[in-house]
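Asker: here's my sequence, what's the structure:
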Amino acid sequence: MDTEMVGDSKSTKRPTLGDINGVLFPSDMINGWGPIWNFRARSDDLLICTYPKAGVEKANARASPRTLKSHLPIQLLPPSFWKQKSKIIYVARNVKDNVVSYFHFHRMNKTETEPGTWEEFLEAFIAGKVSCGSWFDHVHGWWEAKDRHPILYLFYEDMKENPGREIQKVADFLDVQLPESVLNQIAQHTKFECMKANPMTNYTTLPSSLLDHTISPFMRKGTVGNWKEHFTVVQSEQLDDLCAQLLKGTGLTFRTEL
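Answerer: As a prediction, this is how the structure comes out:
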């Protein structure tokens, strides 16, 4: 259930945003919402979910066990995932690096809406008026659900700091025994630099009418703290205040530098 790329590969016209239960999505996804909502999960599915720059029919046809990915907020996840008790891995990234990455993703991705200037995009992002809605609602909703469902909640910053440790968490969650040699191999192959150079993961095989890598690479920096090159002091303090206000009492804390 890939809800990341749903645009028409022949079209270069950017979409508009529509509303699904108060959350904004590109028009193509709005038009195809029925099959997504009615998606039939399986008990042995593994769903990887993130906030963005955190083909339903094709997914249905795949043999089990399936690894699926989605950017849906928790309230819009197809109900069959809860019914089947499918395992879910959620990866959260600090809001400042997330919004910078999402801004550049909009700049190069013709299947997303026009981002406008950095200042305009940041304002829309804070207001939740971007595809997939509010970052605050997204990370908080999945955080609350982890105590009721089989959800492994990971942080991007932890993965950058110690990938071996986080891969072991995933292995434990999936009840998989990993010899140290295999764990080290996985850590090596999933390094940002390796994935950025791999056509199977860097999306360079897609036409420039969809993703224009001359504007910005699909995999751009992959660092923690790149937000400092974009934020003014006032903007940084605004996000700090919002995090303190909107995540207060949740137990959710994010690191904006390592």
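Asker: so the closest residue to Q177 other than its chain neighbours is in which element?
Answerer: For Q177, the nearest residue in space outside its immediate sequence neighbours is A171; the separation is 7.3 Å by C-beta to C-beta, 6 or more residues apart in numbering. (Each C-beta comes from the backbone N, C-alpha and C, glycine too.) Per DSSP states H and E: A171 is located in helix 163-173.
Asker: buried residues in that helix?
Answerer: Of the residues in helix 163-173, 163, 166-170, 173 count as buried by neighbour count, 16 or more other C-beta atoms under 10 Å.
Asker: which residues touch it?
Answerer: Contacts made with helix 163-173 from outside it, assessed by C-beta atoms under 8 Å, 6 or more residues apart in numbering, are listed as 87, 89, 152, 154, 158-159, 177-178, 183-184, 186-187, 190-191.
Asker: filter those residues to the buried ones?
Answerer: Judged by 16+ other C-beta under 10 Å, buried ones among the contacts of helix 163-173: 87, 89, 152, 154, 158-159, 178, 183, 186-187.
Asker: show me those residues that map onto helices.
Answerer: Helix and strand membership here follows DSSP state H; of the buried ones among the contacts of helix 163-173, those in helices are 158-159, 183, 186-187.
Asker: tell me the contacts of D175?
Answerer: Taking C-beta under 8 Å, 6+ apart, one finds nothing in contact with D175.
Asker: do you know how far it is from K87?
Answerer: Here D175 is placed at a distance of 10 Å from K87 (C-beta to C-beta, to the nearest Å).
Asker: repeat for D241
Answerer: Using C-beta to C-beta, one gets 36 Å for the distance from D241 to K87.
Asker: check H106 too.
Answerer: Taking C-beta to C-beta as the criterion, H106 is separated from K87 by 31 Å.
Asker: am I right that H106 is in a helix?
Answerer: Yes: assigned with DSSP: H, G, I helix; E, B strand; the rest coil, H106 falls within a helix.
Asker: quick one, strands of the stretch 1-150 of the chain?
Answerer: Shown for the stretch 1-150 of the chain, the strands assigned by DSSP state E, counting those that start in this stretch span residues 17-20, 23-26, 46-50, 67-70, 87-92.
Asker: can I get the buried ones among the contacts of helix 163-173 in JSON lines with distance to S43?
Answerer: Putting the buried ones among the contacts of helix 163-173 into JSON lines (distance: C-beta to C-beta, whole Å) gives the following:
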{"residue": "K87", "distance to S43": "9"}
{"residue": "I89", "distance to S43": "16"}
{"residue": "L152", "distance to S43": "16"}
{"residue": "L154", "distance to S43": "22"}
{"residue": "D158", "distance to S43": "28"}
{"residue": "M159", "distance to S43": "27"}
{"residue": "L178", "distance to S43": "23"}
{"residue": "L183", "distance to S43": "26"}
{"residue": "I186", "distance to S43": "25"}
{"residue": "A187", "distance to S43": "29"}
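Asker: now, the most widely separated pair of these?
Answerer: The two members of the buried ones among the contacts of helix 163-173 with the most space between them (C-beta to C-beta) are K87 and A187, at 21.1 Å.
Asker: can you list the weak-confidence ranges in this protein?
Answerer: Applying pLDDT under 70 to the predicted model, the residue ranges of the chain that meet it are 1-12, 54-55, 57-58, 189-222.
Asker: CA atoms only for stretch 125-144 - export them in CSV, please.
Answerer: Output of stretch 125-144 as CSV, limited to C-alpha atoms (Å, rounded to 0.1, in the frame of the first residue of the first chain):
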residue,chain,number,x,y,z
PHE,A,125,3.7,23.2,7.3
ILE,A,126,3.1,24.7,10.8
ALA,A,127,-0.6,25.1,10.0
GLY,A,128,-0.9,21.5,8.8
LYS,A,129,-1.8,22.8,5.3
VAL,A,130,0.5,20.4,3.5
SER,A,131,0.0,16.8,2.2
CYS,A,132,-0.5,14.4,5.1
GLY,A,133,-1.5,17.3,7.4
SER,A,134,0.1,18.3,10.7
TRP,A,135,3.5,16.9,11.7
PHE,A,136,2.5,17.3,15.3
ASP,A,137,-0.7,15.3,15.0
HIS,A,138,1.1,12.7,12.9
VAL,A,139,3.9,11.9,15.3
HIS,A,140,1.7,12.2,18.4
GLY,A,141,-1.1,10.0,17.0
TRP,A,142,1.3,7.1,16.3
TRP,A,143,3.1,7.6,19.6
GLU,A,144,-0.2,7.2,21.5
